[in-house]
Structures are given as C-alpha cells and as structure tokens.
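[1] Could you look at this predicted model? Sequence included:
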Amino acid sequence: MRHSRAVCVWVVPTMCHALGSLAALVIVVGVAENTLTTLLRSGGQASAHVALGLTDLILSPMLFLGGAMLYVDQAARVGRRRDSTVAQPAGALPQPPAGT
C-alpha cells in the first residue's frame, strides 16, 4: 500500500505535466497556424487552400520536435527520480543521508 501511494505521488504530477505540455504545444501551433494562414491569404494572391498547406508544412515539425523535447524531459525526470530511493511528497524536506 505504501509503495502504491508513493507511485501515485509521482505519476499524477508527471502525467499532468506531460498532458499540459502537449496541450500548450497544440494551442500554440494552432494559433500560429491561424495567424499565418490569415497573413498569407491577405498578403498575396494565394488561395485559402494554398495558405493552409504552406502553414501546415512549416508548422507541423514543431509538433514533432515539441513531443520529442517532452519525451527527453520526461526521461530526465525518471532518471532523476530513480536516484532517490523513496519518492518524497511535494513540500517534504529532504532527509539527510544515513550514517551522518
């Protein structure tokens, strides 16, 4: 029971961080796509389909790179968390090493 509570203390914030990061990434790309589409359509003779295609071509790598950066961030968090033997709840003071 104690182990499952420690796992929940670590999993819930990690999942919230990952989902929030992906949601923010999708929102930023969506707003940038709408802005670029409007600018391309109003600034030149391009049709709406061409403007949308160009913005998708330019902004779609941002989604993949953002997801890859989130993966690396989560992997670093797991590595850092494995170094500590017991997951500490948020706001807990670190314990001194045994034998000192």
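    Done, it's in.

[2] Could you double-check that L25 lies in contact with M62?
    Yes - using C-beta atoms under 8 Å, L25 is in contact with M62, at 7.5 Å. In short, each C-beta sits where N, CA and C put it, glycine included.

[3] more crowded one of the two?
    The residue with more neighbours, out of L25 and M62, is L25; 17 against 14, by other C-beta atoms under 10 Å.

[4] so where's the chain shaky on pLDDT?
    Applying pLDDT under 70 to the chain flags residues 1-3, 6-7, 10, 46, 80-100.

[5] cutoff 80 now
    Counting by pLDDT under 80, the chain contains low-confidence ranges at 1-11, 13, 43-48, 77-100.

[6] So which elements touch the longest helix anywhere in it?
    Longest helix in the chain by number of residues (criterion: DSSP state H): helix 2-43. The contact analysis (3 or more C-beta pairs under 8 Å, 6 or more residues apart in numbering; DSSP states H and E) places helix 2-43 against helix 48-83.

[7] For Q74, see how far away the residue most central in space within the chain is.
    Nearest residue to the geometric centre of the chain (C-alpha atoms, centre = their mean): S21, 2.9 Å. Distance from S21 to Q74, counting by C-beta to C-beta, to the nearest Å: 9 Å.
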